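Student: would you be able to build a 3D model of this:
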Amino acid sequence: MALYGSQLLSSVNDSIVFVHNNSNEIGRMVRVHRGDRISIVLFKTITEEVLLQFALPIITSTDSPLAVKSGMVELMETEEVWKIPRSTITDLTFIIPLHEVESGLFHLAGACNTYFIRYKCTGDEIIHDYQYSMLQATVGEPLSHRIFKGFNPLSSSVKRLMYHHPEEHATRKTTRLPLSCDAFHYLWSKLCNNNNIILHRFEGTQRSTIYFDDLSMKSCSRINQVLTIRILSSGGLDLVRKLLGVGIGIGLGKPRPTKSHPMAALLHPLNYHV
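Tutor: Predicted coordinates for the structure are as follows:
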């Protein structure tokens, strides 16, 4: 993972996880130096002491249900700038402003390395409305933003497909979901060492037609490398939920509503079958 997602491709404004004194810290890359050094702005977890110190309001499940009920952790950007070796980076992370988490456009609630943020600390002052956005498009997006924008709609689409798929019902139906190369290879790197998931690589032939300005045409073919991911057990499903959010798989064990019983009640604990 470190070779693909962090050391080689992380850039300015990427949010990262790095190791410092045998503990994991979170920061945002702000500058790249010569050699193996980068500068990061440090994020710290919001604690009760910080809330009391700055007289900040707490987060409630009524006002912010997605952030609270999914167990997301709140961070605050500090003024501390550290210079660290790039080799200490272990992963990317997604830090989303609270109003975007609750906007209805965020679908990765409860995913690992996903946090929400409200404030940026500048000395003794607190600036509200954290300025960075994960949902808005920018001209030059860092890698973490591109992966987030691949995972976020993928999570929403997979939730809809799995919820409407009857329990223990086999099907050969294929659904095409768009996913960027960056997001797919990040997902591949996270799943490549798990026994509950099969990763397969093969070559497929794609035939296409080329049209010319003189109205002639030519048939040609090319070899494409195809990568597939198969989830074989509930353990693999749990791993996917850590990447795409806790909503993945919810509904697989529920009784399906029918015309005679439009509001099906949940009579037993959820059982996940993949």
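Student: residue 198: neighbour count?
Tutor: For residue 198, the count of nearby residues is 13 (other CB atoms under 10 Å). All C-beta spots, glycine's among them, are computed from the backbone N, C-alpha and C.
Student: kindly apply the preceding question to residue 194 instead.
Tutor: Around residue 194 there are 16 residues (other CB under 10 Å).
Student: that one is in contact with residue 237, isn't it?
Tutor: No. Under the criterion of CB atoms under 8 Å, residue 194 is not in contact with residue 237, lying 11.2 Å apart.
Student: find the least confident helix or strand in the chain, judged by mean pLDDT.
Tutor: strand 125-127 (a mean of 74; mean pLDDT, DSSP states H and E).
Student: which residues touch it?
Tutor: Outside strand 125-127, the residues that touch it by CB atoms under 8 Å, 6 or more residues apart in numbering are 54, 56, 119, 120, 121.
Student: go again using 6 Å as the cut-off
Tutor: Residues from elsewhere that reach strand 125-127 (CB atoms under 6 Å, 6 or more residues apart in numbering): 54, 119, 120.
Student: as JSON lines, these with distance to residue 65, neighbour count and secondary structure would be great.
Tutor: Conversion of these to JSON lines gives the following (distance: CB to CB, whole Å; neighbours: other CB atoms under 10 Å; DSSP: H, G, I helix; E, B strand; the rest coil):
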{"residue": "54", "distance to residue 65": "24", "neighbour count": "14", "secondary structure": "helix"}
{"residue": "119", "distance to residue 65": "20", "neighbour count": "20", "secondary structure": "strand"}
{"residue": "120", "distance to residue 65": "24", "neighbour count": "19", "secondary structure": "strand"}
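Student: name the nearest of these relative to residue 45.
Tutor: Among the contacts of strand 125-127, residue 119 lies closest to residue 45 (CB to CB), at 12.3 Å.
Student: hmm, back to that, how far does the least confident helix or strand of the chain sit from its chain's centre?
Tutor: Here the centre of strand 125-127 is set off from its chain's centre by 28 Å, with CA atoms, centre = their mean, to the nearest Å.
Student: per-residue pLDDT, the residue of the chain most remote from its centre?
Tutor: When each C-alpha in the chain is compared with the mean C-alpha position (CA atoms, centre = their mean), residue 214 comes out farthest, at 47.0 Å. Looking at residue 214, its pLDDT reads 88.
Student: please apply the same query to residue 172.
Tutor: Per-residue confidence (pLDDT) for residue 172: 67.
Student: next one: the one 10 residues further on
Tutor: If you check residue 182, the pLDDT there is 87.
Student: skipping its backbone neighbours, what lies nearest it in space?
Tutor: Distances taken as CB to CB, 6 or more residues apart in numbering put residue 146 closest to residue 182, at 4.9 Å, once the chain neighbours are dropped.
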